[in-house]
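Asker: Got a predicted structure plus its sequence, pasted below:
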Amino acid sequence: MARRVGAGIGWLAFNALGRLRKVGLRNLQLAFPEKSASERETILRAVYRNLGCLLAEFCQMPSYTPERASKFIRYDGLDSYLTARERGKGVLVLTGHLGAWELSSFYHSLMGYPMGMVIRRLDNPLVDTFVNRIRCLHGNKVMHKDDFARGLIASMRGGETVGILMDTNMTPPQGVFVPFFGVEACTASGMARIALKTGAAVVPGFLLWEPREKRYVLHFGAELNLVRTGDSESDAIANTALFTSVIEGYVRQYPEQWLWMHRRWKTRPAGETGIY
């Protein structure tokens, strides 16, 4: 029932929020130029429905137990995560605004694997406190983007797990330009720099709705092999490109579950005109 209500809210948002709808269609045009306008609109409508369902899940999360949640969520590739964790140098979970990203870390903690999350503070401090209380009900902890570097290094040295949403627009010098759907996108390089500095494992992790199963699947990919040439700057850029290509691969498989309304290509290389 909650998901149906959420899907209805998503339908209303698609029709009411014209500016965001325009951004979403522009992004889909960049990413999938081979698709027709109607195909891109169908994808975007599904994105809004998915966001409505994610809102519903968030409202229900405080009542979830391992037994209840496991009826509609399962793991795929948990061994990849556990093997990486056993190395003892920490795990960086490479993820993004794809699928049910809020539910993913919550479910992982619910099943006995609490982790840290690098997040942006919400503009309303009351809402920020409310949301973080739910996120951390089962041992998770939040790390804010404006002061995360030192804490992230300490977490890796302590063998902990931290998830990083690495698919948002950045600005230099924190961001470097790497291809995303064939278009240069300014992307945070901090995850690559921390992984190279600490030796932490980088493991892709996404909680995605599988229509054929009618449930979510928390996919963990194999640990990524990082580029290590000894040139710290070029290695940071190369690995940021690697991480971005992994995210792109998942988005291509599940385009109706990515946050297309975000202005991902807002920051442009010097001399280029704005995309939006």
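Answerer: Now that the structure is in, tell me what you want to look at. Numbers count the residues shown, from 1 in each chain.

Asker: contacts, neighbours, all on C-alpha from now
Answerer: Will do.

Asker: ranges for the helices of the stretch 51-200 of the chain?
Answerer: 66-69, 78-86, 101-110, 125-135, 148-157, 190-198 (DSSP state H, counting those that start in this stretch).

Asker: how close does Pro62 get to Ile134?
Answerer: 6 Å (CA to CA, to the nearest Å).

Asker: ok, back up a step: in terms of mean pLDDT, which of the helices of the stretch 51-200 of the chain ranks lowest?
Answerer: Per-segment mean pLDDT for these reaches its minimum on helix 148-157, at a mean of 87.

Asker: Give me the contact list for it.
Answerer: For helix 148-157, contacts defined as CA atoms under 8 Å, 6 or more residues apart in numbering pick out 89-91, 118, 143, 161-162, 190, 194, 198, 200.

Asker: In ChimeraX, select just the buried ones from the residues you listed.
Answerer: Selection of the buried residues among those in ChimeraX, burial being defined by 16 or more other CA atoms under 10 Å:
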select :89,90,91,118,143,161,162,190,194,198,200
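
Asker: need the contact list for Ile228.
Answerer: That one is not Ile; residue 228 is Arg. 196, 235.

Asker: Surely it is within a strand?
Answerer: No. Under DSSP: H, G, I helix; E, B strand; the rest coil, Arg228 falls outside any strand and is assigned coil.

Asker: Now do it, the pLDDT please.
Answerer: 97.

Asker: Same check on Asn50?
Answerer: Reported pLDDT for Asn50: 95.

Asker: same deal with the one 5 residues further on?
Answerer: pLDDT for Leu55: 94.

Asker: ok, now how distant is the nearest residue to it once chain neighbours are set aside from Arg45?
Answerer: What sits nearest to Leu55 in space, not counting adjacent residues and going by CA to CA, 6 or more residues apart in numbering, is Gly6, at 6.2 Å. Note on Gly6: its distance to Arg45, by CA to CA, is 13 Å.

Asker: Also Gly99?
Answerer: Distance from Gly99 to Arg45, by CA to CA: 14 Å.

Asker: the more surrounded of the two?
Answerer: Gly99 (29 against 18; other CA atoms under 10 Å).

Asker: so what's that one up against?
Answerer: 50, 206-209, 257-258.

Asker: Need the pLDDT of it.
Answerer: 97.

Asker: now it: how far from Arg49?
Answerer: From Gly99 to Arg49 the distance is 11 Å (CA to CA).

Asker: is the closest residue to Met143 other than its chain neighbours in a bridge, and if so with what?
Answerer: Leaving aside its chain neighbours, Met143 sits nearest to Val118 (4.6 Å; criterion: CA to CA, 6+ apart). Val118 forms beta bridges with Met143, Ile164, as assigned by DSSP bridges.

Asker: what's near enough to touch Val118?
Answerer: Per CA under 8 Å, 6+ apart, neighbours of Val118: 142-145, 148, 162-165.

Asker: Export the helix or strand bottoming out on mean pLDDT in the chain to CSV, keeping only CA atoms.
Answerer: Using mean pLDDT, DSSP states H and E, helix 148-157 stands out as the lowest-scoring helix or strand of the chain, at a mean of 87. Written as CSV, here are the backbone C-alpha positions of helix 148-157 (Å, rounded to 0.1, in the frame of the first residue of the first chain):
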residue,chain,number,x,y,z
PHE,A,148,34.9,13.4,5.7
ALA,A,149,38.5,12.9,4.5
ARG,A,150,40.2,12.5,7.9
GLY,A,151,37.4,10.3,9.3
LEU,A,152,37.3,8.2,6.1
ILE,A,153,41.0,7.4,6.4
ALA,A,154,40.6,6.5,10.1
SER,A,155,37.7,4.2,9.1
MET,A,156,39.7,2.4,6.5
ARG,A,157,42.6,1.9,8.9
